[in-house]
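Trainee: what follows is a predicted structure for the sequence shown.
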Amino acid sequence: MARHASTVMPASQIKKAIALILKAEGFIADVREEGVDEANKVLHPQIRVVLKYNRDKDSAFAGMRRVSRPGRRVYVGYDRIPRVLSGLGVSILSTSHGVMTDKEARQKKVGGELLCEVW
């Protein structure tokens with residue numbers, strides 16, 4: 001909403017996986033891992049997410065909603081994965097086969113924890 005060029009956050013495996021999915025789906029421009037020196041010694045690993053805008057400075061995604069929270073985990077089977085905006089958006093799931101989109105989970109017939117929805 002503030003139209004920053006990028007944002008930086010502490011790194012974790014799940015954040016990196018979600019950012020890579022958002023990049024593959026076209027919602028963000030780039031994902032970079034920072035905080036590693038020349039000897040590959042990890043100091044304070046961070047992830048820099050380069051945001052994507054169109055010519056009118058509108059964001060690439062209109063909304064994002066966190067579904068599963070620490071106080072209320074939401075698990076779904078592959079046949080009950082919700083479609084976001086009739087397929088125009090993306091649901092991101094954490095499954096036993098890794099973090100993936102709703103389309104991949106339906107193809108592999110695997111359910112899991114519904115992390116968030118992006119449109």
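Mentor: That came through, no problem.
Trainee: end to end, how far does stretch 82-95 reach?
Mentor: 15 Å (C-alpha to C-alpha, to the nearest Å).
Trainee: list the contacts of it.
Mentor: Stretch 82-95 has contacts (C-beta atoms under 8 Å, 6 or more residues apart in numbering) with 14, 18, 21, 25, 27, 67, 76, 81, 99-103, 105, 108, 110-119. Every C-beta, even on glycine, is put in place using the N, C-alpha and C of the backbone.
Trainee: for the record, mean pLDDT for that stretch?
Mentor: Throughout stretch 82-95, pLDDT has a mean value of 95.
Trainee: could you list the low-pLDDT ranges of the chain?
Mentor: Scanning the chain with the threshold set as pLDDT under 70 gives 36-42.
Trainee: from the contact counts, what lies against the longest helix seen in it?
Mentor: Secondary structure of the chain per DSSP state H: the longest helix is helix 13-24. Helices and strands touching helix 13-24, by 3 or more C-beta pairs under 8 Å, 6 or more residues apart in numbering; DSSP states H and E, are strand 28-36, strand 42-51, strand 90-95, strand 98-101, strand 112-118.
Trainee: return the most buried member of those.
Mentor: Of all these, strand 90-95 has the most neighbours on average by mean count of other C-beta atoms under 10 Å, namely a mean of 22.
Trainee: adjacent strands (with direction) for that one?
Mentor: Applying DSSP bridges to the sheet, strand 90-95 is found paired with strand 98-101 (antiparallel), strand 112-118 (antiparallel).
Trainee: redo those strands as TSV? Include distance to Arg32.
Mentor: Below are the strands paired with strand 90-95 laid out as TSV (distance: least, C-beta to C-beta, whole Å):
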stretch	distance to Arg32
strand 98-101	19
strand 112-118	20
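Trainee: domains of the chain?
Mentor: Under automatic domain parsing, the residue ranges defining each domain of the chain are 1-60, 62-119.
Trainee: residue contacts, the spatially most central residue of the chain?
Mentor: Centroid-nearest residue in the chain, with C-alpha atoms, centre = their mean: Ile18, separated by 2.9 Å. Counting by C-beta under 8 Å, 6+ apart, Ile18 touches 92, 99, 115-116.
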